[in-house]
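> have a look at this prediction, sequence included:
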Amino acid sequence: MIGNLNKMGVNQVGLSGMAGIGKTQLAIEFATRFSFAFPNGIYWIQAADPKQWSKQFVGIAKDYLQLKTSGQNEKDQDKQYFVALQRYFKEHPQTLIVMDNVEDPRNLNNPKLLFSDEVNTDLTPLTLGSNVLFTTRKKFNIAGVSSYDIDILSPEYSYDLLTLGRKPVNISEENCARTICGIVGYLPLALVLVGGYLEKYRSI
């Protein structure tokens with residue numbers, strides 16, 4: 001997804017994995033660390049409710065990009081905002097849309113979610129022309145979209161992550177750390193939170 005580093009022509013990627021695995025945090029880290037690759041903007045959509053997608057995309061076009069339309073009524077104007085947004089993304093390909101917590105990835109190619117009364121439109125989140133990074137709990141297989149599965153860490157990597165801020169000083173502490181890793185199910189996000197808590201209160 002990153003300019004000249006992109007050797008496969010992939011600009012739409014989904015992160016899949018169980019709740020608490022760290023999908024959202026990984027998306028945030030990617031958008032932050034590689035923001036230089038998207039000089040035309042990075043836009044975040046809370047995607048848990050697909051009925052809110054249209055409103056949020058229109059908000060990007062209208063409020064952030066200040067694109068213009070000639071639509072008269074609200075419904076026609078919303079569609080024209082999508083057309084204007086599609087035109088903008090194709091003229092400015094270095095833009096990233098992050099859609100967090102997509103319940104069903106198949107909806108990303110469903111035009112009825114954006115325009116329920118029209119079946120002939122090709123306007124969907126995946127046809128707007130921007131780079132798209134989304135998170136989901138479901139595995140998926142969508143043509144042209146790369147899937148990246150996020151799994152729990154191995155016990156050893158979990159231990160390394162938990163003790164990143166402070167290494168155990170004896171075997172008892174090491175055993176406690178490994179026990180904690182097992183209790184939280186080797187979930188990366190949980191380990192980071194526990195590690196931060198222990199780091200904060202270690203002197204108490």
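Received it, and whenever you're ready, just let me know what you need.
> can you name the residues in contact with stretch 43-50?
With C-beta atoms under 8 Å, 6 or more residues apart in numbering as the test, stretch 43-50 has contacts from 31, 52-53, 56-57, 60, 64, 95-104, 107, 113, 134. The C-beta positions use only the backbone N, C-alpha and C, and glycine is treated the same way.
> in it, what's buried?
For stretch 43-50, the neighbour count (16 or more other C-beta atoms under 10 Å) marks 43, 45, 47, 50 as buried.
> now, the contacts of stretch 43-50 that are in helices?
Per DSSP state H, helices hold the following members of the contacts of stretch 43-50: 31, 53, 56, 57.
> now, of those, which are buried?
Buried among the ones in helices among the contacts of stretch 43-50 (16+ other C-beta under 10 Å): 31, 53, 56, 57.
> quick check: closest non-adjacent residue to the first one.
Excluding the flanking residues, the one nearest residue 31 by C-beta to C-beta, 6 or more residues apart in numbering is residue 42, at 5.1 Å.
> what's opposite the most centrally placed residue in the chain in the beta bridge?
By C-alpha atoms, centre = their mean, the chain has its centre lying nearest to residue 134, at 3.7 Å. Going by DSSP bridges, residue 134 is paired in beta bridges with residue 14, residue 99.
> what lies in contact with the helix or strand of the chain with the lowest mean pLDDT?
Ranking every helix and strand in the chain by mean pLDDT, DSSP states H and E puts helix 188-201 at the bottom, with a mean of 84. Helix 188-201 is contacted by residues 20-22, 25, 152-153, 158, 161-166, 180-181, 184 when judged by C-beta under 8 Å, 6+ apart.
> biggest helix in this structure by residues?
The single longest helix within the chain, with elements called by DSSP H, is helix 74-91.
> what does it contact?
In contact with helix 74-91 (C-beta under 8 Å, 6+ apart) are residues 54, 57-58, 60-62, 65, 67-71, 95, 114-115, 118, 121, 123, 127-130.
> count of neighbours near residue 84?
Neighbour count of residue 84, defined by other C-beta atoms under 10 Å: 19.
> which non-adjacent residue is nearest residue 30?
In space, residue 30 is closest to residue 133, 6.7 Å off (C-beta to C-beta, 6+ apart).
> who's in contact with that neighbour?
1, 12, 13, 14, 15, 27, 30, 31, 96, 97, 98, 99.
> which among those residues gets closest to residue 140?
Using C-beta to C-beta, residue 14 is the member of the contacts of residue 133 that lies nearest residue 140, at 6.2 Å.
> thought that closest one was touching residue 139?
No. Residue 14 is beyond contact range of residue 139, at 9.2 Å (criterion: C-beta atoms under 8 Å).
> common neighbours of the two, please.
residue 147.
> just to be sure, residue 147 is in a strand?
Yes. Counting by DSSP: H, G, I helix; E, B strand; the rest coil, residue 147 is located in a strand.
> enumerate every residue touching it.
Applying C-beta under 8 Å, 6+ apart to residue 147 gives the contacts 13, 14, 16, 139, 140, 141.
> what's around the third one, how many residues?
If I follow you right, that is residue 16. By other C-beta under 10 Å, neighbour count at residue 16 equals 20.
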